[in-house]
Structures are given as C-alpha cells and as structure tokens.
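**Q** sequence unavailable; structure follows:
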C-alpha cells in the first residue's frame, strides 16, 4: 500500500502514449461494481475488464487494490457540504450529509476502516467538522467530538433493518399475544399510538450528543 498515493506529485510523462483513462473513471467503474455486488467483488482485474482494458494497464494509474478502493471512497463521498449558521446546526448538517453518503454506498463503511491510503476528500470532511466546533474544547476533545459524532453516523448507516412491514407484524404479535412478557415494549407502543411521535433514533441520538457537548462548553465559560 502506498500511503502517500493521493499526496505525491505525479510527473507528467513526456514520452509514450497519452493516458487513455483518468483516476475518476477508474474509481467510477469500481463504485458501480461495489454498489451492485459489494466491495469483495472489486478487483483490479474486474475493474479493468469493465473498462475494456487489461489488468496490467491499470497499474499505470494505481499501485494496487488498496489505492483503488481509496479512490473509490474519495469519489463516492465527494466534498463535504458547505456549512453556515451555528455550530449545532452545522454539525447536524455535516453528520446528516455523511450519513447519506454512507447510506448511498454501503461498502464505504468497510472501505473507511483499517489501514488505507487517506486522501484529501477524507481529510476535508474532518476539517469541515473541526472548523464548526465551538470554542472551549481542547485539541484532543475536538478530535474526540468528531469521532463520537462520526461513530454515531456509522452505527446507523451500517444497520441492516428488515422491511418495515415485518417489524410492524412482529409488534402486533407482541401486543396481541405476549403483552405480559414485554410490558415496557407494550407501554411504549401504546403511548405512541395514543400521543404520536417520531421514530428517528439517528436524529434523537445526535441531538443528545450535541446537548452533552453544549453542557461541557457552557461549564467552561
């Protein structure tokens, strides 16, 4: 794996044929495969074949699969969103955009863990989140805050939830036949039925994280 792949300056060749592909084209081909079949289906040979080239020809652009997956991740997530307003709204917007990116490309969660070449887009997401945090936090706390928020995002983006109809059917069985076994579940369902309410654990959890951060910062003023 080449750790500085995205950062090293690449000299333009003065001889030989003009490059027929771009890194973005190669990344897009890899993304199409991963979206349809998962990250395990991505290989240098498969991507080259889908582009109509030989495997060896891709090595002109990429040292190997680690850099290919890194390029795919950079391309799939894209630049972080522009943020305006207060820090709570800004961090909420950032987290929601990251959640949407991971949700659109389920393989991106796997691609963004472990040893890998880290590119400017991934660093730009970190930079954008750090830049909106309120004053009063140490450097370590600022990184920990982003790690906590991004961990919340990753947890919900990685959840595999069955069809909503299956869950509704299961809850109906609980209410009808097993109320005495699951009284807390039944009580919550009855309350929702009587008073309504949203079922959005992602937004609820993110809000509580930001509440805690707000309390911490206020204590230091």
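**A** Structure received. Being a predicted model, the structure only gives us computed values, none of them experimental. Numbers count the residues shown, from 1 in each chain.

**Q** can you tell me the centre-most residue of this structure?
**A** Note on the chain: the residue nearest the mean C-alpha position is residue 102, at 3.6 Å, using C-alpha atoms, centre = their mean.

**Q** got the contact list for residue 124?
**A** 79-80 (C-beta atoms under 8 Å, 6 or more residues apart in numbering). Any C-beta I mention is one placed from the backbone N, CA and C, and that applies to glycine too.

**Q** ditto for the one 3 residues further on
**A** For residue 127, the residues meeting the contact criterion (C-beta under 8 Å, 6+ apart) are residue 80.

**Q** the residue nearest to the residue nearest to the centre of the chain when sequence neighbours are not counted: neighbour count?
**A** Counting by C-beta to C-beta, 6 or more residues apart in numbering, residue 102 lies nearest to residue 157, which is 3.6 Å off, once chain neighbours are set aside. Using other C-beta atoms under 10 Å as the criterion, residue 157 is surrounded by 19 other residues.

**Q** quick check: the gap between residue 157 and residue 112.
**A** Per C-beta to C-beta, to the nearest Å, residue 157 is found 11 Å from residue 112.

**Q** what separates stretch 95-105 from the chain centre, distance-wise?
**A** 5 Å (C-alpha atoms, centre = their mean, to the nearest Å).

**Q** residues in contact with it?
**A** 31, 34-35, 76-78, 80-81, 108-109, 125, 149-150, 152-154, 156-158, 202, 206.

**Q** same thing but 10 Å
**A** Where contact means C-beta atoms under 10 Å, 6 or more residues apart in numbering, the residues beyond stretch 95-105 that reach it are 31, 34-35, 39, 72-73, 75-78, 80-83, 108-109, 111-112, 125, 128-129, 146, 149-150, 152-154, 156-159, 202-203, 206, 209-210.

**Q** outline the domain layout of the protein.
**A** Annotated domains of the chain cover 1-77, 79-161+199-219 [automatic domain parsing].

**Q** where among these is average confidence lowest?
**A** If the domains of the chain are sorted by mean pLDDT, domain 1-77 sits at the bottom with a mean of 88.

**Q** from the chain's centroid, how far away is that one?
**A** Centroid displacement of domain 1-77 relative to its chain, using C-alpha atoms, centre = their mean, is 21 Å.

**Q** picking up where we left off before, just put the domains of the chain in TSV and tack on distance to residue 191.
**A** Below are the domains of the chain laid out as TSV (distance: least, C-beta to C-beta, whole Å):
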stretch	distance to residue 191
domain 1-77	39
domain 79-161+199-219	12
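
**Q** quick one, which of these is nearest to residue 192?
**A** Among the domains of the chain, domain 79-161+199-219 comes nearest to residue 192, with 7.9 Å by C-beta to C-beta.

**Q** gap between the two ends of that closest one?
**A** By C-alpha to C-alpha, to the nearest Å, the extent of domain 79-161+199-219 from end to end equals 34 Å.

**Q** and it, how far out from the chain's middle?
**A** Put simply, domain 79-161+199-219 sits 9 Å off its chain's centre (C-alpha atoms, centre = their mean).

**Q** same check on stretch 73-86?
**A** For stretch 73-86, the distance to the chain centre is 11 Å (C-alpha atoms, centre = their mean).

**Q** ends of it, what's the gap?
**A** Using C-alpha to C-alpha, one end of stretch 73-86 lies 29 Å from the other.

**Q** list the buried residues for it?
**A** Within stretch 73-86, the residues scored as buried using 16 or more other C-beta atoms under 10 Å are 73-77, 80-81, 83.

**Q** many thanks, we can stop here.
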